[in-house]
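A.B. asks: got a sequence here, can you model it:
(8 chains)
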Number of protein chains: 8
Amino acid sequence: MNPKKLKKLLEEVKQGNCSIDEAMEGLARLPFADIGAAVVDHHRALRTGYPEVVLGSGKTVEQIVAIVEELRRAGGNVLVTRVDSDKATAVCRQIEGLEYREAARSLVLLGEPVEPAGRGPIAVVTAGTSDLPVAEEAAVVVELSGNELFRVFDVGVAGVHRLFHRIDELRRAAVVIVVAGMEGALASVVGGLVDCPVIAVPTSVGYGASFGGVAALLSMLNSCAAGITVVNIDNGFGAGYAASLINRKREHNR
Amino acid sequence: MNPKKLKKLLEEVKQGNCSIDEAMEGLARLPFADIGAAVVDHHRALRTGYPEVVLGSGKTVEQIVAIVEELRRAGGNVLVTRVDSDKATAVCRQIEGLEYREAARSLVLLGEPVEPAGRGPIAVVTAGTSDLPVAEEAAVVVELSGNELFRVFDVGVAGVHRLFHRIDELRRAAVVIVVAGMEGALASVVGGLVDCPVIAVPTSVGYGASFGGVAALLSMLNSCAAGITVVNIDNGFGAGYAASLINRKREHNR
Amino acid sequence: MNPKKLKKLLEEVKQGNCSIDEAMEGLARLPFADIGAAVVDHHRALRTGYPEVVLGSGKTVEQIVAIVEELRRAGGNVLVTRVDSDKATAVCRQIEGLEYREAARSLVLLGEPVEPAGRGPIAVVTAGTSDLPVAEEAAVVVELSGNELFRVFDVGVAGVHRLFHRIDELRRAAVVIVVAGMEGALASVVGGLVDCPVIAVPTSVGYGASFGGVAALLSMLNSCAAGITVVNIDNGFGAGYAASLINRKREHNR
Amino acid sequence: MNPKKLKKLLEEVKQGNCSIDEAMEGLARLPFADIGAAVVDHHRALRTGYPEVVLGSGKTVEQIVAIVEELRRAGGNVLVTRVDSDKATAVCRQIEGLEYREAARSLVLLGEPVEPAGRGPIAVVTAGTSDLPVAEEAAVVVELSGNELFRVFDVGVAGVHRLFHRIDELRRAAVVIVVAGMEGALASVVGGLVDCPVIAVPTSVGYGASFGGVAALLSMLNSCAAGITVVNIDNGFGAGYAASLINRKREHNR
Amino acid sequence: MNPKKLKKLLEEVKQGNCSIDEAMEGLARLPFADIGAAVVDHHRALRTGYPEVVLGSGKTVEQIVAIVEELRRAGGNVLVTRVDSDKATAVCRQIEGLEYREAARSLVLLGEPVEPAGRGPIAVVTAGTSDLPVAEEAAVVVELSGNELFRVFDVGVAGVHRLFHRIDELRRAAVVIVVAGMEGALASVVGGLVDCPVIAVPTSVGYGASFGGVAALLSMLNSCAAGITVVNIDNGFGAGYAASLINRKREHNR
Amino acid sequence: MNPKKLKKLLEEVKQGNCSIDEAMEGLARLPFADIGAAVVDHHRALRTGYPEVVLGSGKTVEQIVAIVEELRRAGGNVLVTRVDSDKATAVCRQIEGLEYREAARSLVLLGEPVEPAGRGPIAVVTAGTSDLPVAEEAAVVVELSGNELFRVFDVGVAGVHRLFHRIDELRRAAVVIVVAGMEGALASVVGGLVDCPVIAVPTSVGYGASFGGVAALLSMLNSCAAGITVVNIDNGFGAGYAASLINRKREHNR
Amino acid sequence: MNPKKLKKLLEEVKQGNCSIDEAMEGLARLPFADIGAAVVDHHRALRTGYPEVVLGSGKTVEQIVAIVEELRRAGGNVLVTRVDSDKATAVCRQIEGLEYREAARSLVLLGEPVEPAGRGPIAVVTAGTSDLPVAEEAAVVVELSGNELFRVFDVGVAGVHRLFHRIDELRRAAVVIVVAGMEGALASVVGGLVDCPVIAVPTSVGYGASFGGVAALLSMLNSCAAGITVVNIDNGFGAGYAASLINRKREHNR
Amino acid sequence: MNPKKLKKLLEEVKQGNCSIDEAMEGLARLPFADIGAAVVDHHRALRTGYPEVVLGSGKTVEQIVAIVEELRRAGGNVLVTRVDSDKATAVCRQIEGLEYREAARSLVLLGEPVEPAGRGPIAVVTAGTSDLPVAEEAAVVVELSGNELFRVFDVGVAGVHRLFHRIDELRRAAVVIVVAGMEGALASVVGGLVDCPVIAVPTSVGYGASFGGVAALLSMLNSCAAGITVVNIDNGFGAGYAASLINRKREHNR
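C.D. replies: Below is the predicted model of the structure:
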């Protein structure tokens, strides 16, 4: 419809049925969306190569199947996060080629090979084993977006020596994602040991005055001085996505 | 008055004017406070050797002078915390021998020499220079309660190497007090490096989502697994006092 | 690997293939972790005699079995906290000699006898019966760390006389742990009656404006003046551990 | 106006110019306020004998003078709360017979003698000296409402023996008002020692995690089992007023 | 034991084996609890006539049965609050004469007739039907404590006319309990219409920004000026108990 | 009863058995409610045309059936909100003509045709699919209140182009309801694009630091400058009702 | 620039130098802003007749003068909110015709007469005198936007009769703005008495647990059922603006 | 000392006075800090080229002068943030070459030219003029760290067209910093329009329910899906630093 209207207007200009001033005015009167929205949309192509991501929680098996099928038709890879094991089994039964990564609670559909897109490896660091699901959610995004990934798990601050065993490894990373619930402090310590961007993900594990991740969130926000930025509680996806953007090779001919 | 009533009752028992059963009943009817309170009071003598402590904030110069004079008469040492410099000058002008420790914002009256009472040295550790006044408040209590004291200042987590320079020193301590506002994580890290009790003091320095010390408080509470306990925000006095109690030499013949 | 690298460097020094200055420089270039982490690790030996502690909540039966088996091999005692009765039964079926202490919701593996390590008895005090599981968690840590233990249960502030019946008993303690949810005030009152360190544990029992233990936590933090320190809500383990550290006999020849 | 309309309607009924059914309908159409409001107003007469109370904070000297003058004309006693010393001096200069009670930060105008109205004495109890202004605000309301009053000040929980010295005195009270900022626990303890209604007033004194009285408020709310009720933080007036209502002699012929 | 020690001491006084001064000293050394606690206990007799109250939530069927049996033996009436229907059935099967009041979620054991103890009727007012269980909990306490009771239910502020239909009834009350979750305002409005003490109970019903009763709690605290006092969220028992204390006939010969 | 009393009084006036002054006084003594409440009630008739609305959550099948039956007898339409699918099926089985709108979780009983009552169309806008149930609750209220309705769903801010596709449509609306949980910002953006009143509804979807809708609520409240007003979290009904009132055609002859 | 580019493109179409397909493509490549932004801007003309509003707080005298001068040049009326008296005097000295409305803390520049634009009168209602500045801020916006205005001040809920005196007046309003800090309940009560849209404005007056307006905000949000919507704390401007939008006469030929 | 000890050990190895095994053991016994800390320190050299940053708030003029002088001696550039104008004047008087950037409230000492270090330009975007100081703090860090910088100021969401005017400019950026207090939504909208990393900085401007930046913080955290990360409230420095790290050219030969 919008192309039609535009085409018609331009044709009238061409045929002299419409002066340029009239066309200018007509253009201004065209429904905004017809012109504007398409242009906004346009830039999203720049993000090609990344998987399409669907938040699985709160969606039924049927809804997930429908969305994945639709996205598959459009080509590219698909990632469905926050899918518990039962739901995953039911969805996988209906979609061929869909794979469930249990640790990441995620469904992955690899329609095309993931092309390397990162400048350096991305490290995912956790304080405790209970932070693992969020860390793996970050990891799967990092990998599907074309980055080399390595894991440095279970290196809490209270036992800071475990972290030091892995320090040289850590320093190889181009971006570090730190995932921690009880020990928000880990982001500070890691931030003080590496010289690359650090993304901190508070998790909602813990009890008592951890307040569902708020204690870790505050702890992380208060140590931002050293180049640390923070995403929402349990937002493994967001951290993985931001890390991928940061790590992305890009031509700067803009 | 209460001794009088008691004495009278006992005399009547002695003189046979009152049977033992009557005395028993009479004793039960004696105003509770007359008997009970004195006994409660009694045990406080066990705490001798510690200074009398007065919270200076919210008190006028006149009130502080009056209280200190009264305490001096009772003998022993006196500590007035949270006194700003102007008020301190005014108070000192009226009380001979009173000394103002500016870093600790405290007035000290040494009526008698401080006798050594501790089992080992107590360390006071801070993350940043802005945590200093609270740390010095803890330090003055520690000293006046008869403990050896040493300071490990400005060893934040983000620059964890500064802490490591002082690690052997830290490990000498019998008790460690960690004072931190922006970096509540410091308590965790220290707790993981020493094997003695650690008392954490959140401070209200910092900005943004530090919420007047709440972020540090939560961070500290959530790392309690390693033998760390916490006192109220800015409560340097409380930390120093608790550390002194922990460190106190005691005969366990109870 | 790290010993190998070090050995090689030292051998080259010995054989004169490497000057001392070169060795100094080489040492500085050695991966940090190889040197540092081991040293950090070293000091943990100081804590021998304490049980290895595993947080059971959020772990599967299989995970708990695996960890306990591994720790058993290393020798020493093992304590698994926060294990509900069903999970405990399943774990016990697979590990010989494992004992479930239901009141403390904890699994205990006594690989070796607990050796006395404390200076005096530790008291665990509760306000109400619903504070019991947290109190028993503290108690089992206290016992396994080699301390004499006694319980003073159900002595709430609202009925302060119940507390007074036990006051002489309380005064025998070298450390007191106060566990309370609805009556955070209990820590204040106990702190005013004894002259030893008091550790307060807020619990998440209660309803309405108790906010999962926050009311008790705040109440306890605000009464810190008398030598009281606080651990996280429901952190019975942390309180027991801190009390054991405080109570530990130690040679101060450092 | 409203009486006029009503009168007119009734006159028309009397004169037969208006049938009863018409009058019924007319009455239903009368502006609501004309009938309702007066009736609502009516019952306030029941509260005679109590002073008129004005919240002084946020009002200018001129506004206070104007209001007090107006109330004086209406007769009875006047109480202006939350007036600082400077403002009070300025107001007193303009109104004869006005008295400033500094401890209570209140202006009092005794237009008529206060008549005894209470069933028993009311006790005002405080934990610390900083709770005094709120306590005195409660006290002045209690007195001006015709109650016998006694003060039990500075009997904090941490030093519970000070409270016990006064226990018999306390038990004489018909209502007890407990005012406390740092030690919200005091309400619990007092509530457990007396058998009359207890009104708890949290105060905003204190620092750190006292959060402007919130810690005390929560502590007091969580000890409500024993017949304790709570008013807003620093609301000495409200506590005094509620205590007076509770203590009021009343004929129950309703 | 304590009577024995006391008796022995008094006998020695009587027989002259112990001077009065020695007895005085001996008395001071007697374990505190032996003397004090009994006296504290003493005053609780003043509360006779009230039911023994047990908080049922968090207790097993067996625990409730055991406690009720024990209390029955001591005589008097028993009230168990917060018992859901299933648990109640199980308990009732084991204890004869126990009655379940479903609306109040409470078990009642009437061991003896309830004697009238109140000065006037107590009204329980609710805003909505969802506030009913809390209101009925208050009501059952009010009744078992010997008060006349009447209910004014479902009179929310948004439809203030429903309240006005019941206003004369309300004004008969000696004490009013207002129970409301979504409409904390109801306490204010009622407080403005009656001249007796009003106790407000916020309830945790509601959704969104009601925060489990916190909105209602704050609303009620902020309207305390008119003689309203507040109890904890959902604390129907506390409100009923406080109202009974306020309404209690008492001889003021103290 | 009340009409009877009034009638009797008026009859006595008519018959001269009661002077006008006496009647005036008698009227003042009439129970307030009898006069006032009816008048208050009166104005509610102005709201005719709107459905009767029942909050379904927390009500049993029996309660809902009873209420709906009663309302049906009174005529008009009935809307029951917050009814899950199982409960709805059970209720529908017992009431003929009752229809379940699953997307809106609402039961609708159309007793009479909905008459057009609005000045213009009302738009319901959502950010994400999880906001749908709240949006549909608003929609059903809007429709049953006689308004033209259109939906602009799934137009989140992060993909602002989707919103622009619908902008001309949006600008047709007389009132816009914006429903959003994760993207409270949507209300701001919409408010900046239209020139009609905007009602924002935060929803409790989302995770982490969304705090059950609080983040969206705050975001919406902070963008109120542009004519946006806010209702409670998840309060689709309230938004629909307010929008209907705003959109209502009215004669302004008042 | 943007018109130029567009013109050039159209001219090339006209002259046949550019095919329609090429033009289509070219249009898509045009910088988004050039097309879109102008169109977005366009609709703001619809809001003519309203004053330009400037938030005065946080701006210097110079900044305010500069902005007002610039807006005056553009014609129309100007309103500067949140200007204290001193700043206002300084600004007025520099801008002729500027008027300071002290009660509203606002500067008003009437460049042209305010044309009537509302469908009915707008009422501004306050609970207490301290809510006045916010109410007057709302009032000045209402007036400058061309609405009839009336004030119903000082009609708190605790004295609900004062509200009833004004009820008929209130019912004349097309929109009601309720401004209240301590008595958020007022919005509920008013909402239950009128049948037009009600906008509630919480204010930050009050003390204790009013938390700077949060208590009132929550109270208002929780009474949204009756067609009430809420704006930010102290946002008198927002309320006035939203009320004006709601009340605006509009041709519905869209 | 540490080099000495090391040297001695190595010399003994060389001279055969110490076997390699003994040396290994000796190395393990060397004070941890001597080895570890230096190594930790080592990596900080990687950050050369960045200015030394000092937090000015809470420091006296003397302290700032001392620190800056010391840093100047070490060479490189110095940045002192959060310095108000008065303090800045005083400091500048004492240090030659120090420049005050008022908009950024920062002191800058350019000891050496800033070398280009970034991959692309960094954009700093603000919603309103009151966000400016925080934005300029970010800007000065960005510039001193060797990045091209451009500003896109005053492009709030409520007037989304202003943002669109600048969209092509924005899309040139390699990293975008979004600074907003009232309109946290701006981060979401920008994040949806660009394809580079976005760092969001909430600011503490605003009033009412903005809670010192918390509303903006939450809004920003909840829109993290699109590659947005967040720093602490008002933390312009942290955002600038993190953006510089992200934008830094780096050889990935690690």
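
A.B. asks: can you list the domains in chain A?
C.D. replies: Chain A breaks down into these structural domains: A:34-113, A:122-248 (assignment by automatic domain parsing).

A.B. asks: out of those domains, which comes closest to chain G?
C.D. replies: Closest approach to chain G among the domains of chain A is made by domain A:34-113 (3.8 Å; Cβ to the nearest Cβ). No exception for glycine: its C-beta is placed from N, CA and C like everyone else's.

A.B. asks: is chain B contacted by stretch A:165-183?
C.D. replies: Yes - using Cβ under 8 Å from any Cβ of the partner chain, stretch A:165-183 reaches chain B at A:Met182, A:Glu183.

A.B. asks: now that stretch: buried residues?
C.D. replies: Judged by neighbour count using 16 or more other Cβ atoms under 10 Å in any protein chain shown, the buried positions of stretch A:165-183 are A:165-167, A:169-171, A:173-183.

A.B. asks: in strands, which of those appear?
C.D. replies: Among the buried residues of stretch A:165-183, the ones falling in strands (DSSP state E) are A:Val175, A:Val176, A:Ile177, A:Val178, A:Val179, A:Ala180.

A.B. asks: how many other residues sit next to the residue of the stretch 1-150 of chain A found nearest chain B?
C.D. replies: Closest to chain B within the stretch 1-150 of chain A is A:Ala127: 10.0 Å, counting by Cβ to the nearest Cβ. By other Cβ atoms under 10 Å in any protein chain shown, the residues close to A:Ala127 number 31.

A.B. asks: that one is in contact with A:Ala187, isn't it?
C.D. replies: No - counting by Cβ atoms under 8 Å, A:Ala127 sits too far from A:Ala187 to count as a contact (9.3 Å).

A.B. asks: and the residue in chain A positioned nearest to chain B, how many neighbours?
C.D. replies: Residue nearest to chain B within chain A (Cβ to the nearest Cβ): A:Ala185, separated by 2.5 Å. Neighbourhood size, A:Ala185 [other Cβ under 10 Å]: 30.

A.B. asks: kindly state the pLDDT recorded for it?
C.D. replies: At A:Ala185, the model reports a pLDDT of 83.

A.B. asks: ok, now which ones touch it?
C.D. replies: Shown in contact with A:Ala185 (Cβ atoms under 8 Å, 6 or more residues apart in numbering or on different chains): A:Val157, A:Ser219, A:Ser223, B:Val157, B:Glu183, B:Gly184, B:Ala185, B:Leu186, B:Ser188, B:Val189, B:Ser219, B:Ser223.

A.B. asks: so for it, what's the nearest residue that isn't a sequence neighbour?
C.D. replies: Using Cβ to Cβ, 6 or more residues apart in numbering or on different chains and skipping the chain neighbours, the partner closest in space to A:Ala185 is B:Ala185 (2.5 Å).

A.B. asks: for that neighbour, give its distance to B:Gly191.
C.D. replies: B:Ala185 sits 10 Å away from B:Gly191, going by Cβ to Cβ, to the nearest Å.

A.B. asks: pull up the overlap in contacts between the two.
C.D. replies: With Cβ under 8 Å, 6+ apart as the test, B:Ala185 and B:Gly191 both reach B:Ser223.

A.B. asks: tell me how far the closest residue to chain D within the stretch 101-250 of chain A lies from F:Glu70.
C.D. replies: The minimum distance from the stretch 101-250 of chain A to chain D, using Cβ to the nearest Cβ, falls at A:Ala209 (10.7 Å). Noted for A:Ala209: a distance of 48 Å to F:Glu70, by Cβ to Cβ.

A.B. asks: more neighbours, the two?
C.D. replies: The neighbour comparison of A:Ala209 against F:Glu70 (other Cβ under 10 Å) goes to A:Ala209, with 28 against 11.

A.B. asks: test my guess that the more buried one contacts B:Ser219.
C.D. replies: No - counting by Cβ under 8 Å, B:Ser219 is not a contact partner of A:Ala209; they are 9.7 Å apart.

A.B. asks: between these two, which contacts overlap?
C.D. replies: Common neighbours of A:Ala209 and B:Ser219 (criterion: Cβ under 8 Å, 6+ apart): A:Ala215.

A.B. asks: residues contacting A:Pro121?
C.D. replies: Taking Cβ under 8 Å, 6+ apart, we find A:Pro121 in contact with A:Asn147, A:Glu148, A:Leu149, A:Phe150, A:Arg172, A:Ala173, A:Ala174.

A.B. asks: at 7 Å instead, please
C.D. replies: A:Glu148, A:Leu149, A:Phe150, A:Arg172, A:Ala173, A:Ala174 (Cβ atoms under 7 Å, 6 or more residues apart in numbering or on different chains).

A.B. asks: pick out whichever of those sits closest to chain C.
C.D. replies: Using Cβ to the nearest Cβ, the contacts of A:Pro121 come closest to chain C at A:Arg172, 11.4 Å.

A.B. asks: where in the stretch 51-200 of chain A is pLDDT low?
C.D. replies: Residues of the stretch 51-200 of chain A that meet the criterion pLDDT under 70 lie in A:158-159, A:161.

A.B. asks: can you give me the helices for it?
C.D. replies: A:61-73, A:85-94, A:132-144, A:160-164, A:167-170, A:185-193 (DSSP state H, counting those that start in this stretch).

A.B. asks: including distance to A:Lys8, could the ones you listed go into JSON lines?
C.D. replies: Listed next are the helices of the stretch 51-200 of chain A as JSON lines, based on distance: least, Cβ to Cβ, whole Å:
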{"stretch": "helix A:61-73", "distance to A:Lys8": "31"}
{"stretch": "helix A:85-94", "distance to A:Lys8": "45"}
{"stretch": "helix A:132-144", "distance to A:Lys8": "43"}
{"stretch": "helix A:160-164", "distance to A:Lys8": "66"}
{"stretch": "helix A:167-170", "distance to A:Lys8": "61"}
{"stretch": "helix A:185-193", "distance to A:Lys8": "57"}
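
A.B. asks: between these, which one is closest to C:Val114.
C.D. replies: Of all the helices of the stretch 51-200 of chain A, helix A:160-164 sits nearest to C:Val114, with 26.7 Å by Cβ to Cβ.

A.B. asks: which strands or helices does the closest one pack on?
C.D. replies: Judged by 3 or more Cβ pairs under 7 Å, 6 or more residues apart in numbering or on different chains; DSSP states H and E, helix A:160-164 is in contact with helix B:185-193, helix C:32-42.

A.B. asks: A:Met71 and D:Gly56: what is the separation?
C.D. replies: One correction, residue A:71 is Leu, not Met. Going from A:Leu71 to D:Gly56 by Cβ to Cβ gives 67 Å.

A.B. asks: neighbour count winner among those two?
C.D. replies: D:Gly56 (23 against 20).

A.B. asks: isn't the more buried one up against D:Ile67?
C.D. replies: No - the criterion here is Cβ atoms under 7 Å, and D:Gly56 misses it with D:Ile67 at 9.4 Å.

A.B. asks: give me the neighbour count for A:Arg105.
C.D. replies: By other Cβ under 10 Å, neighbour count at A:Arg105 equals 23.

A.B. asks: list the contacts of it.
C.D. replies: A:Thr81, A:Arg82, A:Val83, A:Asp84, A:Pro133, A:Glu137.

A.B. asks: top of those by neighbour count?
C.D. replies: The residue in those with the most neighbours, by other Cβ under 10 Å, is A:Glu137 (28 neighbours).

A.B. asks: give the burial count for the nearest residue to that one once chain neighbours are set aside, as a bare number.
C.D. replies: Once flanking residues are discounted, A:Glu137 sits nearest to A:Gly236: 3.1 Å by Cβ to Cβ, 6+ apart. By other Cβ under 10 Å, the residues close to A:Gly236 number 31.

A.B. asks: what's the spacing between A:Gly236 and chain E?
C.D. replies: From A:Gly236 across to chain E, the span is 28 Å (Cβ to the nearest Cβ, to the nearest Å).
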